[in-house]
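Colleague: okay, here's the prediction I keep looking at, along with the sequence it came from:
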Amino acid sequence: MNNKEFIAALSQTAGLTAKETQGYVNAFLDDISDTLDDNTSFNVTGFGSLEVKKKMERITVNPQTKRRKLLPPKLSLAFKPSVILKDKVK
Amino acid sequence: MKQKLQIQDFADRLAQSQGISKKNAESFLRSFFQVLEKGLTTDKLVKIKGLGTFKLVSVSERESININTGERFQIIGHTKVSFTPDTAMKEKINRPFAHFESVDLSDDTTTEELDAVAGPMEPEEDEMGLEEALMEAETDFQNYAAAPAVDAAAPAVAAAVPAVDTVAPAVDAAAPASSSAPPTANALPEAEVPIRLEIEADGAPVVAEQAATDSLPPAPEPMPAIDVKRAQTAAQEAVSVAADEKRTVAKLLQVGESAPAVSPQGAREEPVAPSRPQMPVTPAVTPQNAPSPLSQSPGTQSTQSVEEATEEEPCVQCPFLGTWGVRLFLLVFFLLSVVTSYMLGYYRVLCPETSPSAATVSVANTAAVAKVTATPASQEKLSAEADSTAAKQDTAAVAHSADSVAASKARSVPMQSGKVAPAPKPTVQYHTIVKGDNLTRISRKYYGSDKYVRFIIKTNQLRDADNIFVGLKLTLPPATPQDATP
């Protein structure tokens, strides 16, 4: 299901135009990215939780050039599915 | 602390920003996730722009071990929900760390480019070999004494490390030699002198520094130069004495040998040695009075020696501490070189062909000696004079005899030093081979060292160095120490 399908399905469920739903979705996602940080996680019951995880820096090797590179630390978004969801998809 | 947000929180904000009722916003968000879930179960993949991709990934069955019991069990195949954030979301989330950049590692051990925010988990590479060695070398030097030469010596040490290996055995021989020199002044072991000279007068000044700093750490850099120059001076003066009058020389020898006997062991060497330069001078001027001044000098010095003995006591035990130890060593060295050079000059160990030049040698050297008398008996000035006189001498014989004497000290070991270069012969010389000649001797004779053999071979284009025949005329142009084979 790509984005278009998703928006279409959502707009149908919510009773809104596609444009509107897209707008709301964008606003919602911006809100998420602004709010979520190292100490904050977003939990949706029955679905799962979105949290920010800190990744330490690491050395990688380019297998072709054999050159080593040091990647800096970063924050990344992780999703943890809830038990209910996991059962549903099993 | 960890904050857990709910749909409600986001719904409130959404309602506010979008101008819809809170109820509407909340229901909207609920349906958002419902659709998401449905799409996931139906299509196994849901991609939301601005958020990421949710996928259902099937995991095959695998064997695993119960951690507690250790027994094996099967993890059944199942499906897991995976989420991959898309680029926009990634960047937004990573905003606090956005300024970091990846660093190419090439032999760097530092992480200056990364902020201190990151955890300090850089694996350091082990490229510390040379630096560590330098540090250790420096601390070792500092153990001896704080000296300005340390900083100069440290890089010199690093550079001379390979050279040191070759000189190490010689240095080791010299170190005990120098330390034992004060106590065993009477013995005057000749073997130690050539080795010590070899080190001091080695081609690379770095190595000389190294040797000097090793055995005499506080010695400032000019010291080895002075040391060798002094040796050269001693050589020249000894030669002058030898060529001059054997009687006075014999007396010199007597005094030279008796002086250590007269003066008590250890510290007294130093006061005796300063009298050494005076001795060759005085006999030349007053041969008749030779015995008296010579006998007097130790006597006059003896009072000094008493005072100095106490000062030097600690230095004898730790001979490499303080300039007294250095001076003592150098003076003993000077003493030994005087004696050795006399012996070799007297017995004409080297250069049998130059017997007719003995007269010129004596004439030239009396001039050198006369000049020396004019200067005060400070050894540095003596060496300077000796060098200038040596430079002025045009006759090959003088320089060459000085060289030969200097070379004789090293016996078969060549003596080459940038600081004590034999006066370059300004003109080309020729030598016709006679029976019993060999290139080593010729090299020594004309260049003062048998390190020029290869040079001779090259300039004369000799095919086979062993196949020189009687009557072969060799061309011996002026050579610089660079031409020598190290």
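Modeller: Everything's here; your move. Numbering: from 1, shown residues only, chains lettered A, B, ... in the order given.

Colleague: contacting residues for B:H78?
Modeller: When contacts are counted by CB atoms under 8 Å, 6 or more residues apart in numbering or on different chains, B:H78 touches A:K90, B:S58, B:V59. The C-beta positions use only the backbone N, C-alpha and C, and glycine is treated the same way.

Colleague: redo those residues as JSON lines? Include pLDDT, neighbour count and distance to B:Q34.
Modeller: Output for the contacts of B:H78, formatted as JSON lines (pLDDT from 0 to 100; neighbours: other CB atoms under 10 Å in any protein chain shown; distance: CB to CB, whole Å):
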{"residue": "A:K90", "pLDDT": "81", "neighbour count": "10", "distance to B:Q34": "19"}
{"residue": "B:S58", "pLDDT": "92", "neighbour count": "10", "distance to B:Q34": "23"}
{"residue": "B:V59", "pLDDT": "91", "neighbour count": "11", "distance to B:Q34": "25"}
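
Colleague: sort out for me which of those residues are in strands.
Modeller: Mapping the contacts of B:H78 onto strands (DSSP state E) picks out B:S58, B:V59.

Colleague: of the contacts of B:H78, closest to B:Y430?
Modeller: Taking CB to CB as the measure, B:Y430 lies nearest B:V59 of those, at 95.1 Å.

Colleague: start and end of stretch B:88-102, how far apart?
Modeller: 19 Å (CA to CA, to the nearest Å).

Colleague: for it, list every residue counted as buried.
Modeller: For stretch B:88-102, burial by neighbour count (16 or more other CB atoms under 10 Å in any protein chain shown) applies to B:M89, B:K90, B:K92, B:I93, B:N94, B:F97, B:F100.

Colleague: please see if that stretch touches chain A.
Modeller: Yes. Under the criterion of CB under 8 Å from any CB of the partner chain, chain A is reached by stretch B:88-102 at B:M89, B:K90, B:K92, B:I93, B:N94, B:P96, B:F97, B:F100, B:E101, B:S102.

Colleague: in a strand, that's where the third one is, yeah?
Modeller: No. Going by DSSP: H, G, I helix; E, B strand; the rest coil, the assignment for B:K92 is helix, not a strand.

Colleague: which residue packs closest to it, ignoring adjacent ones?
Modeller: A:S33 (3.6 Å; CB to CB, 6 or more residues apart in numbering or on different chains).

Colleague: what's the neighbour count on that neighbour?
Modeller: 21 (other CB atoms under 10 Å in any protein chain shown).

Colleague: if we can go back for a sec, turn the buried residues of stretch B:88-102 into TSV, including pLDDT.
Modeller: Below are these laid out as TSV (pLDDT from 0 to 100):
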residue	pLDDT
B:M89	93
B:K90	93
B:K92	91
B:I93	91
B:N94	90
B:F97	86
B:F100	82
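
Colleague: show me the strands in chain A, by range?
Modeller: Under DSSP E, chain A gives strands at A:40-44, A:48-55, A:58-61, A:68-71, A:74-81.

Colleague: dump those to TSV, plus mean pLDDT and mean neighbour count.
Modeller: Shown next, in TSV, are these (pLDDT from 0 to 100; neighbours: other CB atoms under 10 Å in any protein chain shown):
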stretch	mean pLDDT	mean neighbour count
strand A:40-44	91	18
strand A:48-55	92	18
strand A:58-61	90	12
strand A:68-71	89	16
strand A:74-81	93	18
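
Colleague: adding distance to chain B, write those out as TSV.
Modeller: Formatted as TSV, the strands of chain A follow (distance: least, CB to the nearest CB, whole Å):
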stretch	distance to chain B
strand A:40-44	4
strand A:48-55	6
strand A:58-61	7
strand A:68-71	4
strand A:74-81	3
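
Colleague: what sits against the residue nearest to B:K92?
Modeller: A:S33 touches B:M89, B:K92, B:I93, counting by CB under 8 Å, 6+ apart.

Colleague: B:T485 and B:S449 touch, don't they?
Modeller: No. Using CB atoms under 8 Å as the test, B:T485 is too far from B:S449 to be in contact (9.6 Å).

Colleague: looking at these two, which is more packed in?
Modeller: Taking other CB under 10 Å, B:T485 and B:S449 do not tie; B:S449 has more neighbours (26 against 14).

Colleague: in the sheet, who's paired with the spatially most central residue of chain A?
Modeller: Nearest to the geometric centre of chain A sits A:L77, at 5.8 Å (CA atoms, centre = their mean). Beta bridges link A:L77 to A:V52 when assigned by DSSP bridges.

Colleague: just checking, it touches B:P85?
Modeller: Yes. At 4.4 Å, A:L77 and B:P85 qualify as touching, with contact defined as CB under 8 Å.

Colleague: where do the contact lists of these two overlap?
Modeller: With CB under 8 Å, 6+ apart, A:L77 and B:P85 have common neighbours B:G52, B:I93.

Colleague: and the top helix by length along chain A with strand A:74-81, angle?
Modeller: Scanning chain A for the longest helix, with DSSP state H as the assignment, gives helix A:18-35. Helix A:18-35 runs at 120 degrees relative to strand A:74-81, counting by axes from the mean of the first three to the mean of the last three CA atoms, to 10 degrees.

Colleague: from the chain's centroid, how far away is helix A:18-35?
Modeller: 13 Å (CA atoms, centre = their mean, to the nearest Å).
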